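In: Sequence and predicted structure, then a few things I'm wondering about:
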Amino acid sequence: MPVKIRLQRHGKKGKPFYWIVAADARSKRDGKYLDKIGTYNPNTNPATIDLDIDGAVNWLQNGAQPTDTAKAILSYKGAMLKNHLVGGVRKGALTEEQAEEKFQAWVAEKESKIAAKQEGLTKAQADAKAAALAVEVKINEERLAAAQEAENAAIKEAADAKAAEEAANAEPVEEKGPESIDDAQAAASEEGKAE
């Protein structure tokens with residue numbers, strides 16, 4: 001029975017979550033499996049991979065063939081390297097202690113790279129947040145300045161209207177005098193008749 005190490009999809013639509021399984025090559029993608037050796041969550045950055053390295057090496061030693069994606073994941077976590085080192089130990093090229101030492105050195109280097117990537121992502125995220133905050137502060141300052149200008153304009157307009165109203169109320173009422181001499185004489189004659 002040919003055995004494959006492959007991904008079995010779980011999760012919901014648009015948010016996949018995978019189990020890394022050893023399964024018969026003839027079984028369905030999400031069907032029966034022989035052994036679950038890990039999980040893979042591509043929704044996080046960097047992707048979260050939980051893998052039983054010894055279990056994966058055991059299946060590789062027994063002839064299981066990983067799919068392309070599963071092989072990339074196994075390489076990323078070091079299972080392929082450990083399988084290679086176990087083959088060297090079996091052939092007598094290395095001792096078990098040397099193989100374990102090489103594997104642990106590789107794991108330490110890989111963890112430092114992952115930590116550096118996470119730190120870079122965190123820094124980039126913080127920088128983006130700071131830039132967005134600076135833009136928002138600038139926009140708020142512009143809005144406050146525009147609101148202050150509008151308020152000052154309204155106050156000035158109200159003061160001008162009040163001053164105009166006071167000026168209209170304070171104007172002395174002028175009595176109209178006769179416009180011409182003839183009008184003056186007519187007015188005087190009318191006053192004389194009334195008496």
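Out: Great, that's in hand.
In: Now for Thr44: which residues touch it?
Out: By Cβ atoms under 8 Å, 6 or more residues apart in numbering, the contact list for Thr44 is empty. C-beta: built from backbone N, CA, C; applies to glycine.
In: any idea how far the residue nearest the centre of the chain lies from Lys113?
Out: Centroid check for the chain by Cα atoms, centre = their mean gives Gln125 as the closest residue, at 7.6 Å. Distance from Gln125 to Lys113, counting by Cβ to Cβ, to the nearest Å: 19 Å.
In: where's the residue lying closest to Leu51 once chain neighbours are set aside, which helix or strand?
Out: Distances taken as Cβ to Cβ, 6 or more residues apart in numbering put Gly38 closest to Leu51, at 3.6 Å, once the chain neighbours are dropped. Assigned by DSSP states H and E, Gly38 belongs to strand 35-41.
In: Of all the residues in the next helix-or-strand element following that strand, which ones are buried?
Out: Next helix or strand after strand 35-41 toward the C-terminus (DSSP H and E): strand 48-51. Neighbour-count burial for strand 48-51 flags Ile49, Leu51 (criterion: 16 or more other Cβ atoms under 10 Å).
In: And for stretch 50-59, what's in contact with it?
Out: For stretch 50-59, contacts defined as Cβ under 8 Å, 6+ apart pick out 3, 5, 20, 22, 35, 37-40, 73-74, 77-79, 82-83, 86.
In: mind listing which of the residues you listed are in helices?
Out: In this view, the contacts of stretch 50-59 that belong to helices under DSSP state H are Ile73, Leu74, Lys77, Ala79, Lys82, Asn83, Val86.
In: Count the neighbours of the second one for me.
Out: Neighbouring residues of Leu74 were enumerated by other Cβ atoms under 10 Å; the total is 26.
In: my read is the residue nearest to the centre of the chain is in a strand, agree?
Out: No: under DSSP: H, G, I helix; E, B strand; the rest coil, Gln125 sits outside any strand and is assigned helix.
In: Tell me the confidence at it?
Out: Looking at Gln125, its pLDDT reads 88.
In: go on, Leu34?
Out: For Leu34, the model assigns a pLDDT of 93.
In: What is the neighbour count of it?
Out: Neighbourhood size, Leu34 [other Cβ under 10 Å]: 16.
In: residues contacting it?
Out: For Leu34, the contacting residues are Val3, Val21, Ala22, Ala23, Asp24, by Cβ under 8 Å, 6+ apart.
In: go on, Asp30?
Out: Asp30 neighbours (Cβ under 8 Å, 6+ apart): Gln8, Arg9, His10.
In: returning to what we had before: give me the sheet partners of the strand holding Gly38 and which way each runs.
Out: strand 15-24 (antiparallel), strand 48-51 (antiparallel) (DSSP bridges).
In: closest to Ala167 out of those strands?
Out: With Cβ to Cβ as the criterion, Ala167 lies closest to strand 15-24 of the strands paired with strand 35-41, at 72.7 Å.
In: What does the pLDDT read for Ile73?
Out: pLDDT, Ile73: 93.
In: And it, how far from Thr39?
Out: Ile73 is 10 Å from Thr39, where distance means Cβ to Cβ.
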